[in-house]
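Participant: Give me a 3D structure for the following:
(2 chains)
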There are 2 protein chains.
Amino acid sequence: MRLLEERIIKDGVVKDGDVLKVDGFLNHMIDVGFISKLGAEFHRLFRDCNVNKILTIESSGIGVACLTAQFFDCPVVFAKKAKSINIGADTYSVPIVSYTHGKTYDVIVSKQFLGKDDRVLVIDDFLAKGNALAGLIDIIGQSGATLVGVGIVIEKAYQGGGDRIRGTGVRVESLARIASMSEKGGVTFCGESAGDADENLTK
Amino acid sequence: MRLLEERIIKDGVVKDGDVLKVDGFLNHMIDVGFISKLGAEFHRLFRDCNVNKILTIESSGIGVACLTAQFFDCPVVFAKKAKSINIGADTYSVPIVSYTHGKTYDVIVSKQFLGKDDRVLVIDDFLAKGNALAGLIDIIGQSGATLVGVGIVIEKAYQGGGDRIRGTGVRVESLARIASMSEKGGVTFCGESAGDADENLTK
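Facilitator: Got it, this is the predicted structure:
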């Protein structure tokens, strides 16, 4: 999606340790009007899928998930990072290894809010190695819900998580796919990000 | 706001330990259409205040803050709960005692995203003892920004945090104010919650 790629070029900062900081519009300050345009694009991509629930994970997925859900007219469920002590019989849970924080934590979703009648679109801000996403997909599997697809704002494609999950048959649409990045060289994108029909969208 | 009080009566569950669970529409599953109506009400209350930024705190404030910000056409900044190791010269920080989790953590906001030209509305899902809110107000003070007011979804008025902060001259508007609650007796509300003009709003 060209609009997003341009914004990443303009406002993103590549930091040491393979980190792309997009704090200025996505995951510390949220440019609500701009993120809503990404939500409209997710809706264009998945509008024929009878989505009735959006699943994300706290914290930085919540904003984009809520702004996307408005187009689908459906609720958002956000998975919580929990202490193991909170995991009871009434929750689905899965351990996730965090790439950013270098530790394992449990992610939980209340059984009350996800079940076999749900058609779920997963929305998240970043996809790198895919550990968090694989965890969410595992939880959807536990619940018996149908996963219709995954919408990602920024995929670090060179880390392979997206293709690994696509290889299991899951539809993953990323609005910007980063081919490579470095402090000196900046960011380069793959040619085939989702949403390159956005000239139509923004007219 | 009658609409919210009715929803709390319908879907809220009072749990042992003075906990009101509203997981079904506010802080695990988010009823985006409903929460957007609360955002419209916050806008009605603060629309003459020239708000140009909304400040909240992760995680459960983010959804309501984003859905409210759409009415103000302004960005959301969410304060992060951080490890002290992350606090550098480029962040405002304040220690907050968590009532829910029984520990102290540091809350940070990047200096880049809050400054003296900002007119800030604080939005959060819950107000009980007011520790988190006092921390956010402290951060706004550090930044030199102007605090125009505070919009809270549910205030546990009997815990006194809201009145303590009102006593310092801050305008605090809560859409539902709980006078008392118990597992057996359910929830009773104060008479004077904000937004009781919502009959007009929902027409």
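
Participant: does the residue nearest the centre of chain A have beta-bridge partners, and which?
Facilitator: In chain A, the residue lying closest to the centroid (C-alpha atoms, centre = their mean) is residue A:124, at 1.7 Å. When assigned by DSSP bridges, residue A:124 has beta-bridge partners residue A:152.

Participant: Quick one, grab the pLDDT at it.
Facilitator: pLDDT for residue A:124: 98.

Participant: Same question for residue A:84.
Facilitator: Reported pLDDT for residue A:84: 61.

Participant: next one: residue A:203
Facilitator: For residue A:203, pLDDT reads 32.

Participant: From chain B, how far off is the residue nearest to the centre of chain A?
Facilitator: 14 Å (C-beta to the nearest C-beta, to the nearest Å). (Each C-beta comes from the backbone N, C-alpha and C, glycine too.)

Participant: That residue: what's it in contact with?
Facilitator: A:56-57, A:61, A:64-65, A:132-133, A:136, A:150-153 (C-beta atoms under 8 Å, 6 or more residues apart in numbering or on different chains).

Participant: Now do stretch A:181-198: everything it contacts.
Facilitator: Counting contacts by C-beta under 8 Å, 6+ apart, the residues outside stretch A:181-198 that touch it are A:1-5, A:8-9, A:12, A:14-16, A:18, A:20, A:41, A:44-45, A:156-157, A:173-180, A:201.

Participant: Alpha carbons of that stretch, as PDB, please.
Facilitator: Taking C-alpha atoms only, stretch A:181-198 is exported to PDB below (Å, rounded to 0.1, in the frame of the first residue of the first chain):
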ATOM      1  CA  MET A 181      16.500  -2.300   6.200                       C
ATOM      2  CA  SER A 182      19.500  -0.800   7.800                       C
ATOM      3  CA  GLU A 183      20.400   2.300   9.700                       C
ATOM      4  CA  LYS A 184      22.400   3.700   6.800                       C
ATOM      5  CA  GLY A 185      20.500   2.300   3.900                       C
ATOM      6  CA  GLY A 186      17.000   2.900   5.300                       C
ATOM      7  CA  VAL A 187      14.100   0.700   4.200                       C
ATOM      8  CA  THR A 188      13.400  -1.100   1.000                       C
ATOM      9  CA  PHE A 189      10.100  -2.800   0.200                       C
ATOM     10  CA  CYS A 190       9.100  -6.000  -1.600                       C
ATOM     11  CA  GLY A 191       7.300  -5.300  -4.800                       C
ATOM     12  CA  GLU A 192       4.100  -7.100  -3.900                       C
ATOM     13  CA  SER A 193       2.600  -5.600  -0.700                       C
ATOM     14  CA  ALA A 194      -1.200  -5.800  -0.400                       C
ATOM     15  CA  GLY A 195      -3.300  -2.800  -1.300                       C
ATOM     16  CA  ASP A 196      -1.500  -1.400  -4.300                       C
ATOM     17  CA  ALA A 197      -4.900  -0.600  -5.700                       C
ATOM     18  CA  ASP A 198      -5.000   2.200  -3.100                       C
END
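
Participant: mind listing the strands in chain A by residue range?
Facilitator: Secondary structure of chain A (DSSP state E): strands located at A:13-15, A:19-21, A:29-30, A:53-57, A:76-82, A:91-98, A:103-110, A:119-127, A:146-156, A:172-182, A:186-189.

Participant: distance of the residue lying closest to residue A:71 once chain neighbours are set aside from chain B?
Facilitator: In space, and not counting its chain neighbours, residue A:71 is closest to residue A:43: 3.6 Å by C-beta to C-beta, 6 or more residues apart in numbering or on different chains. Distance of residue A:43 to chain B, computed by C-beta to the nearest C-beta: 13 Å.

Participant: ditto for residue A:98
Facilitator: Per C-beta to the nearest C-beta, residue A:98 is found 13 Å from chain B.

Participant: in stretch A:46-53, what counts as buried?
Facilitator: Of all the residues in stretch A:46-53, those buried under the rule 16 or more other C-beta atoms under 10 Å in any protein chain shown are A:46, A:51-53.

Participant: again but with stretch A:152-160, I slipped
Facilitator: For stretch A:152-160, by 16+ other C-beta under 10 Å, it's A:152-157, A:159.

Participant: Likewise for stretch A:24-39?
Facilitator: Those would be A:24-32, A:35-39, for stretch A:24-39 by 16+ other C-beta under 10 Å.

Participant: ok, back up a step: for the residue nearest to residue A:71, give me its contacts.
Facilitator: A:68, A:71-72.

Participant: For those residues, could you give me JSON lines that also reports neighbour count?
Facilitator: Shown next, in JSON lines, are these (neighbours: other C-beta atoms under 10 Å in any protein chain shown):
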{"residue": "A:68", "neighbour count": "28"}
{"residue": "A:71", "neighbour count": "18"}
{"residue": "A:72", "neighbour count": "21"}
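
Participant: Among those, find me the one that's closest to residue B:145.
Facilitator: residue A:68 (29.3 Å; C-beta to C-beta).

Participant: which residues touch the closest one?
Facilitator: By C-beta under 8 Å, 6+ apart, the contact set of residue A:68 is A:38-39, A:42-43, A:54, A:121, A:123, A:151.
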